[in-house]
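Enquirer: Sequence and predicted structure below; questions after.
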Amino acid sequence: MWILRLNMSDLSYRLEEVPAKYQHLGGRGLTSTIVHDEVPPLCHPLGPNNKLVFAPGIVTGTPAPTSARVSVGAKSPLTGGIKESNAGSSWAQHVANMQIKAIVVEGQAKGYHLAHLTWDAASGKPKVEFMPANEYAGKDLYEVFPKLYAKFGDKVSIAGTGNAGEFGYGNSGIVFNDMAGRPSRYSGRGGMGAVMASRGLKFIIADPKGAPGVVIKDKALFDEGRKKLIDALRTHDITKPKGGLNTYGTAVLINIMNEAGGLPTRNFASGRFEGAAKIAGEAIFEGNKKRLGKELYNHACSPGCIIQCSNTWHKADGSEHVSCIEYESDWSLGANCGIDDLDDIGELVRLCNAYGLDTIEAGTTLAVAMEAGIIKFGDGKGAINLMHEMGKGTPLGRILGGGTAFAGKAFGLTRVPTVKGQSMPAYEPRAVKGIGITYATSTMGADHTSGYTIAPEILGVSGKVDPLSPEGKAALSRAFQATTAFIDSTGHCLFIAFAILDIASGFEGMMEECNGVLGTNWKSEDAAKLGAEILKKERAFNEAAGIGKEADRMPEFMKYEPLPPHNVVWDLPDSALDSVYGEL
Amino acid sequence: MRIHVRLFAGLNRYVTNKPSGIPFDAEIPEGATVEALIRHLGLPPDEVRIVFVNGRAQPLNFALADGDEVGIFPPIGGG
C-alpha cells in the first residue's frame, strides 16, 4: 500500500510505503491524521502550506457492500479548521484498487493541471502523468466531464473542482463522477474545491486498468463480516430494496421534519413549510411517475451499493433534468428559500453541480440574501440568477460564494445560521436539541453527518428520544460523533448506520470486514474508542488553529427568537456543550 | 370526534384516493387512541413506525382529542 504525494510546485510525484502508524487508518481517520501531522494549523487554507488529502476507506475497493466512499481533508477556507468531507464514487474504488491509501496534494502550480493516475504493470506501482488543464478552467462541469471521458476513456473516474473552486470560494466542493458519468457526487462541504484549485490541480483522473485490488489479510473473516452486513442492509426497513430510501430517496425526510416542526424554513424563521408536500421525496416519486408514465426507483451513486438512494428528476417532457435531489439540497434550495417548485429546485441543484458549489451552503446563502432583500423569499427564478452570478464570479456572486457567514456579514444581518463559519443543514436545532449539540460542537462546523442524532430523535432508529428535550443529549451527540468518525474511516456510507444501529450482527459484520482487511482484532465496542481518537486529533488541530470551545456555540438569535410551531428557543447551557468534548 | 390525518411515504395507498401528505378527516369515537385510528384507517400496524400528534411523536396508546392533527409514517431514513 502506498501514500501518493503530488507535488504541484514542480509537477512531480512520489510513492511512499505507508508508515506503520498509518497502517490501520483509512478514510477520515487517515485524512484527519495527515492534516493534523503535516499541515501548519495557522497556515492560510489557500496558501502554499495547506495540503489536500484524499483517502478511500479501509474496505473501499473490496466487495464490502455500500463502501465506495472517499474522504477529502485539508484546512478549510470556510471554517479555518480541519475538514473532512466525504463522497461516494467509483473514483474511491479505483484509487483503492491501485493500493493507494492516500493521495496528498502539496505545493502550488502556475496555471491548472490534471493528474492522470494509472497502474504501471511493468513496475507494479501506480504511475502519475501531469498534463496542462487550463482549457477546462472556467467551464461548466457538465460540458467538461464528457471531454475528459472522450480523452481518457469511459472506464476512468474523475475527481475535480469547478468554477467555485477556481474563484477560491469558501463554498466550493470537490466533484466526483456518479455511475452514469455525471458530475454529481460531491465532497461538498468546507471549501475543499478551493483548496484543490489553489494547488493548481483541476482533476485527478483514475484509470483502474490492470490494478491489482485491495489486499485482504483474512478472506474468510472478511466474507463472514460482509455477509452479516449485507443481511442487515437487506432486512432493515429503511435500507432494504424498495424500502424508504430506494423508493423516495433521502428527500423522504422533508415531510417528517416538517411534521416534527423541525424543517428550517425561510432562513430558519419557522420549523414548518406550507409547501413541504410539494417538494418532498413522495412528490419527486409521483412527479417522475406522471412525467415518465411509469414508476422510477432510485439508483446507486457508486458501484456495490445495495441501498441505492440516488434519484433523478425529469422535466415535463420526460427528459432527464438532474441527479440527484438529496434531502439536504431539496431543503436548502427549497423550504429554506421558501421555494416550492421542484423544477426550480432541480435547476438550482444542477447549477451547483455545474459550477462546483455545495448545495447546502448555496441554499443557506441564498436564504440569507433573501433575508437581506436582494431577492424575495420564494423567488425561484431570482435564485437561479444568483446561482449564475456565483458561477460566473460577478462581484455579488463572489460575496455569495464566500458562504453563508460571509454573506450574512456583508449584508449586516443578525439571523445567520452558522457555527464556525459553516451553515447549518436541514434540521432545526431549536426543535431537535441533540442535532443542535452536534452542530455546535462538531470539529467540522455545523454538520449533521458528524453526529446524526436525528436517528433516535426523529426516525426511531437506535431507540426513541424526545427531540424537544435536552435530557441526555450531550452524551447522545458524543456517542454518535465518535461512532461516526469510525464509520467514516471504514469507507462505508454513513447510511449503513440505519441498519447496523438496530441490528447488532450488522455492526459486528462491519468490524469483521475491517479486521479481515487489516488483520486487526477490533470488537464492536472498539468503534467508538477508535472514533474518539480521530476526534481528538481534529480537535487538537482546531485548537492550534485558534478554534477552541468558545467556538462551540449556537448563533445568538436562536437563543432569543422562538421558533414556530413549538415556539422554542435554544436553551441548553454552554456547560452541556463543553461536556461533549470535555468528557470524550 | 374529528381527526385531521395525513399519511406519508406510501401509507396513503391503503386509503382510497388519498395523495401523500394531503390532510383528510377521519371520524372516530371520543377518546380513541392512536392505535384505534390506525385500525380505523385500515393501515397494516407493522408498517406504521412513527405517529405525530400536533407535531409531537406519540405512542400507540396515546388518547386523541377532537381536532388533533395526526401525521403517520412508515420506517424512513435519509439525511
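Expert: Received, thanks.

Enquirer: which residues touch stretch B:34-47?
Expert: Stretch B:34-47 has contacts (C-beta atoms under 8 Å, 6 or more residues apart in numbering or on different chains) with B:3, B:5, B:7, B:11, B:14-15, B:26, B:28-29, B:32, B:48, B:51, B:53, B:58-62, B:64, B:70, B:72, B:74. For the C-beta atoms, the positions are set from N, CA and C on the backbone; glycine is no exception.

Enquirer: Could you list which of these also contact chain A?
Expert: Of the residues in these, proximity to chain A by C-beta under 8 Å from any C-beta of the partner chain holds for B:Pro74.

Enquirer: What remains of the contacts of stretch B:34-47 if I keep only buried residues?
Expert: B:3, B:5, B:7, B:11, B:26, B:28, B:32, B:48, B:51, B:53, B:58, B:62, B:64, B:70, B:72, B:74 (16 or more other C-beta atoms under 10 Å in any protein chain shown).

Enquirer: Which pLDDT value belongs to A:Gly153?
Expert: As predicted, A:Gly153 sits at a pLDDT of 98.

Enquirer: what about it, distance to A:Asn177?
Expert: 13 Å (C-beta to C-beta, to the nearest Å).

Enquirer: now swap in A:Thr79 and tell me
Expert: 27 Å.

Enquirer: of those two, who's got more company?
Expert: A:Thr79 (30 against 25; other C-beta atoms under 10 Å in any protein chain shown).

Enquirer: Can I take it that A:Ala84 is in a strand?
Expert: Careful, residue A:84 is Glu; it's not Ala. Yes - per DSSP: H, G, I helix; E, B strand; the rest coil, A:Glu84 lies within a strand segment.

Enquirer: Identify the residues contacting it.
Expert: By C-beta under 8 Å, 6+ apart, the residues touching A:Glu84 are A:Arg28, A:Thr31, A:Ser32, A:Ser71, A:Val72, A:Gly73, A:Met444, A:Asp488, A:Glu538.

Enquirer: before we move on, what about A:Pro65?
Expert: A:Arg226, A:Leu229, A:Ile230, A:Leu233, A:Gly304, A:Cys305, A:Ile306, A:Ile496.

Enquirer: In the sheet, which residues pair with B:His4? Tell me.
Expert: B:Asp25, B:Glu69 (DSSP bridges).

Enquirer: cool, A:Ala87 as well?
Expert: A:Val70.

Enquirer: And for it, the neighbour number?
Expert: That count, for A:Ala87 with other C-beta under 10 Å as the rule, works out to 26.

Enquirer: Pretty sure it sits against A:Tyr186.
Expert: Yes - using C-beta atoms under 8 Å, A:Ala87 is in contact with A:Tyr186, at 5.7 Å.

Enquirer: Which of the contacts of stretch B:34-47 fall in strands?
Expert: Of the positions in these, B:Ile3, B:Val5, B:Leu7, B:Ala26, B:Val51, B:Val53, B:Val70, B:Ile72 sit in strands, assigned by DSSP state E.

Enquirer: thinking again about what came up before, find the residues that touch each one of A:Ala87 and A:Tyr186.
Expert: Listed as contacting both A:Ala87 and A:Tyr186 by C-beta under 8 Å, 6+ apart are A:Ile174, A:Phe176.

Enquirer: coming back round to it: ok, of the contacts of A:Glu84, which come out buried?
Expert: A:Arg28, A:Thr31, A:Ser32, A:Ser71, A:Val72, A:Gly73, A:Met444, A:Asp488, A:Glu538.

Enquirer: Am I right that the fifth one sits in a strand?
Expert: Yes - residue assignment for A:Val72, taken from three-state DSSP, places it within a strand.

Enquirer: Is A:Ala102 within a helix or a strand, and which one?
Expert: Assigned by DSSP states H and E, A:Ala102 falls within strand A:100-106.

Enquirer: Adjacent strands (with direction) for the helix or strand following that strand?
Expert: Next helix or strand after strand A:100-106 toward the C-terminus (DSSP H and E): strand A:113-120. When pairing is defined by DSSP bridges, strand A:113-120 lines up against strand A:125-132 (antiparallel), strand A:201-206 (parallel).

Enquirer: which strands and helices sit next to whichever helix or strand comes after the last one?
Expert: Next in sequence after strand A:201-206, counting helices and strands by DSSP H and E, comes helix A:219-235. Counting contacts by 3 or more C-beta pairs under 8 Å, 6 or more residues apart in numbering or on different chains; DSSP states H and E, helix A:219-235 packs against helix A:496-500, helix A:504-518.

Enquirer: Pull the number of nearby residues for residue 39.
Expert: You didn't pick a chain, so chain A it is. Using other C-beta under 10 Å, A:Val39 is surrounded by 23 other residues.

Enquirer: um, chain B though
Expert: 13.

Enquirer: And for A:Gly373?
Expert: By other C-beta under 10 Å, 9 other residues sit near A:Gly373.

Enquirer: That one: which element?
Expert: For A:Gly373, there is no helix or strand it lies in under DSSP H and E.

Enquirer: how near is it to A:Gly412?
Expert: Where A:Gly412 is concerned, A:Gly373 sits at a distance of 11 Å (C-beta to C-beta).

Enquirer: okay, which residue is most central for chain B?
Expert: With distances taken as C-alpha atoms, centre = their mean, B:Ile72 lies nearest the centre of chain B, 4.1 Å away.

Enquirer: I figured that residue was touching B:Ala9, is that so?
Expert: No - with contact defined as C-beta under 8 Å, B:Ile72 does not count as touching B:Ala9 (9.4 Å).

Enquirer: Find residues that contact each of those two.
Expert: Joint contacts of B:Ile72 and B:Ala9 (C-beta under 8 Å, 6+ apart) do not exist.

Enquirer: Setting aside sequence neighbours, what's the nearest residue to whatever residue of the stretch 251-400 of chain A ends up closest to chain B?
Expert: Per C-beta to the nearest C-beta, A:Ala277 is where the stretch 251-400 of chain A lies closest to chain B, at 3.5 Å. Distances taken as C-beta to C-beta, 6 or more residues apart in numbering or on different chains place B:Gly21 nearest to A:Ala277, at 3.5 Å, with adjacent residues excluded.

Enquirer: quick one: the one you found is in a strand?
Expert: No - read with three-state DSSP, B:Gly21 is coil and lies in no strand.

Enquirer: who's in contact with residue 58?
Expert: No chain in the question, so chain A it is. Counted by C-beta under 8 Å, 6+ apart, A:Ile58 has contacts A:His24, A:Leu25, A:Gly26, A:Gly27, A:Ser489, A:Thr490, A:Gly491, A:Cys514, A:Val517, A:Leu518.

Enquirer: wait, I meant chain B there
Expert: B:Val34, B:Val51, B:Phe52.

Enquirer: now do 7 Å
Expert: If you count contacts by C-beta atoms under 7 Å, 6 or more residues apart in numbering or on different chains, B:Gln58 has them with B:Val34, B:Val51.

Enquirer: same deal with the one 3 residues further on?
Expert: Residues in contact with B:Asn61 (C-beta under 7 Å, 6+ apart) are B:Thr33, B:Glu35.

Enquirer: again, 6 Å this time
Expert: B:Thr33 (C-beta atoms under 6 Å, 6 or more residues apart in numbering or on different chains).

Enquirer: For chain A, see how far away it is.
Expert: Look at B:Asn61 and chain A: by C-beta to the nearest C-beta, to the nearest Å, they are 14 Å apart.

Enquirer: Quick check, pLDDT for that residue.
Expert: Looking at B:Asn61, its pLDDT stands at 97.
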